[in-house]
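J.: turn this into a structure:
(2 chains)
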Protein chains: 2
Amino acid sequence: MPAACAIEMIHTYSLIHDDLPAMDNDSMRRGKPTLHVVYGDGLAILAGDGLLAEAFALLAREPDDAGRPEIAARKLAVIRRIADAAGASGMVGGQAIDLQAVGHSRGAGALDAAALKDMHARKTGALIRAAAVAGAIMAGAPPARVDAVDRYASWLGLAFQIVDDVLDVEGEGTNLGKTAGKDAAAGKPTYPSLFGLDASKRMAQEAVDQAVAVLAEVQLDRSRLAEIAQWVVSRTS
Amino acid sequence: MPAACAIEMIHTYSLIHDDLPAMDNDSMRRGKPTLHVVYGDGLAILAGDGLLAEAFALLAREPDDAGRPEIAARKLAVIRRIADAAGASGMVGGQAIDLQAVGHSRGAGALDAAALKDMHARKTGALIRAAAVAGAIMAGAPPARVDAVDRYASWLGLAFQIVDDVLDVEGEGTNLGKTAGKDAAAGKPTYPSLFGLDASKRMAQEAVDQAVAVLAEVQLDRSRLAEIAQWVVSRTS
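T.: Have a look, this model is predicted:
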């Protein structure tokens, strides 16, 4: 549970910073004005910084590992994994690629399909994988199961991102809680812009099928993880 | 050494974010244009975010604790301490107070001496203390010595900040590597603005004397820590 809270704090920090005028310049999030619109850019940057730092304070503090070296080892493994997901090879790297791709949806500087997939693997996939793996590690899962959960989450992250791009085209602002049509307006490459809507939806379903197949390898295909995978392609907001 | 690198990464992240237009709006740092001037605000925010996350990745990774539970315990204690120093009760909280005090050096909203000291204790003191304490913890120092090093660093941080304010009045941009006279121009309360230059210099020397006295309690008054304390009041940049 502390790891789940830390993941949510890091997720929220990333949304606050990504919404800033210097980044994606979004004014709506979860159906409300974004933090910087209400409190200014300076406090929004600080709120994000604080959430990131406090997430690691929480991970290091709980659960209590006094006299339980196996818990201490798991906590350090989870901190490593989550910090890597947040860092330059993960979310920060993905957002940097995103920032530099804006306005290049076609022609020089545009992301091709491989680069788009790499960007999303860092930007959203890394934290989804870290969340799933952190749960498996803290529960004391054996390495083969941790690895399977990691691969499951990788497919899940891909499906999630494709659906996100599809909803940005098909969804409405009131359902999404954020501004619809934003990506296209910013000239950002998306799955629909590269492959079209129908192919994108098929790709999302295929990714979910792969995720569930990985779960089956370690007898987790009837777990909540499988339900989550199915939800990803059925969500409308 | 990994902890020292992590502290420096967090220090650098804080400088990058504090220099942003949405914060202190500084265009010079270490004698060069600030990061956002060269690469833009978006990448500067991301560079800071990345340094903060990578600092915790490094702290969790090194030194290797495989089969050494006492090292794992020390690493978790150091992560807790450094994350607290970086978070809302430390640097982020101090910078938020600073941000809201700008333009209020006199009259309503101005910081009094106690509030100024609290702001600096969070903004710069917390990381200085965490750095000293991290070294003591990783070296396996007994609790009484860790506590003494913490109190030493608290006095050191106070002296450092007073000298910083004095240099902002007396120093020159070329020596400082940053813009001199910036605080006064921004209407920020400083030690010289509250107490005058001479009294501020006396207060800095008294804080250093206290720092050395604490070291003497645990027979560290002939160590490098004492030399560092003397350097703080003699520095010119």
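J.: does the biggest helix by length in chain A come close to chain B?
T.: Counting by DSSP state H, the longest helix found in chain A is helix A:143-170. No. Taking CB under 8 Å from any CB of the partner chain as the criterion, helix A:143-170 and chain B are apart, separated by no less than 14.5 Å. Yep, even glycine has a C-beta here, placed from its N, CA and C like the rest.
J.: helices and strands around that helix, which ones?
T.: Helix A:143-170 sits against helix A:113-120, helix A:126-138, helix A:182-185, helix A:191-195, helix A:197-217, helix A:224-234, with contacts defined as 3 or more CB pairs under 8 Å, 6 or more residues apart in numbering or on different chains; DSSP states H and E.
J.: out of those helices, nearest to A:Leu20?
T.: A:Leu20 lies closest, by CB to CB, to one member of these: helix A:182-185, at 14.2 Å.
J.: okay, the helices and strands packed on helix A:143-170, which one's buried deepest?
T.: The highest average neighbour count among the helices and strands packed on helix A:143-170, using mean count of other CB atoms under 10 Å in any protein chain shown, belongs to helix A:126-138 at a mean of 23.
J.: and for that one, what are the contacting residues?
T.: With contacts defined as CB atoms under 8 Å, 6 or more residues apart in numbering or on different chains, helix A:126-138 is touched by A:3-4, A:7, A:10-11, A:14, A:74-75, A:77-78, A:81-82, A:84-86, A:89-91, A:94, A:145-146, A:149-150, A:152-154, A:156-157, A:160, A:225.
J.: on that earlier part again, okay if I get the helices and strands packed on helix A:143-170 as TSV plus mean pLDDT?
T.: Output for the helices and strands packed on helix A:143-170, formatted as TSV (pLDDT from 0 to 100):
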stretch	mean pLDDT
helix A:113-120	90
helix A:126-138	97
helix A:182-185	66
helix A:191-195	93
helix A:197-217	96
helix A:224-234	93
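J.: compare those and report which one is nearest to A:Leu46.
T.: Among the helices and strands packed on helix A:143-170, helix A:126-138 comes nearest to A:Leu46, with 21.1 Å by CB to CB.
J.: what angle do the closest one and helix A:143-170 make?
T.: Comparing the axes of helix A:126-138 and helix A:143-170 via axes from the mean of the first three to the mean of the last three CA atoms, to 10 degrees yields an angle of 150 degrees.
J.: would you mind writing the CA trace of helix A:126-138 as CSV?
T.: The C-alpha trace of helix A:126-138 is given here as CSV (Å, rounded to 0.1, in the frame of the first residue of the first chain):
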residue,chain,number,x,y,z
ALA,A,126,7.6,2.8,-17.3
LEU,A,127,5.5,3.8,-14.3
ILE,A,128,2.8,1.3,-15.1
ARG,A,129,5.4,-1.4,-15.1
ALA,A,130,7.0,-0.1,-12.0
ALA,A,131,3.7,-0.1,-10.2
ALA,A,132,2.9,-3.7,-11.1
VAL,A,133,6.4,-4.9,-10.4
ALA,A,134,6.5,-3.0,-7.0
GLY,A,135,3.4,-4.9,-6.0
ALA,A,136,4.9,-8.3,-6.9
ILE,A,137,8.2,-7.5,-5.2
MET,A,138,6.6,-6.3,-1.9
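J.: between it and helix A:113-120, how many degrees?
T.: If you take the same axes, to 10 degrees, helix A:126-138 sits at 50 degrees to helix A:113-120.
J.: quick one: helix A:126-138 to helix A:224-234, angle?
T.: Helix A:126-138 and helix A:224-234 meet at an angle of 170 degrees, taking the same axes, to 10 degrees as the criterion.
J.: these two touch, right, A:Leu51 and A:Ile10?
T.: Yes. Counting by CB atoms under 8 Å, A:Ile10 is a contact partner of A:Leu51 at 7.0 Å.
J.: point to the residue nearest the middle of chain A.
T.: Against the mean C-alpha coordinate of chain A, by CA atoms, centre = their mean, the closest residue is A:Thr124 at 2.7 Å.
J.: quick one: it and chain B, what's the gap?
T.: 15 Å (CB to the nearest CB, to the nearest Å).
J.: how near is the closest residue to A:Val149 other than its chain neighbours to chain B?
T.: Closest residue to A:Val149 apart from its sequence neighbours, by CB to CB, 6 or more residues apart in numbering or on different chains: A:Ala136 at 4.5 Å. Using CB to the nearest CB, A:Ala136 is found at 17 Å from chain B.
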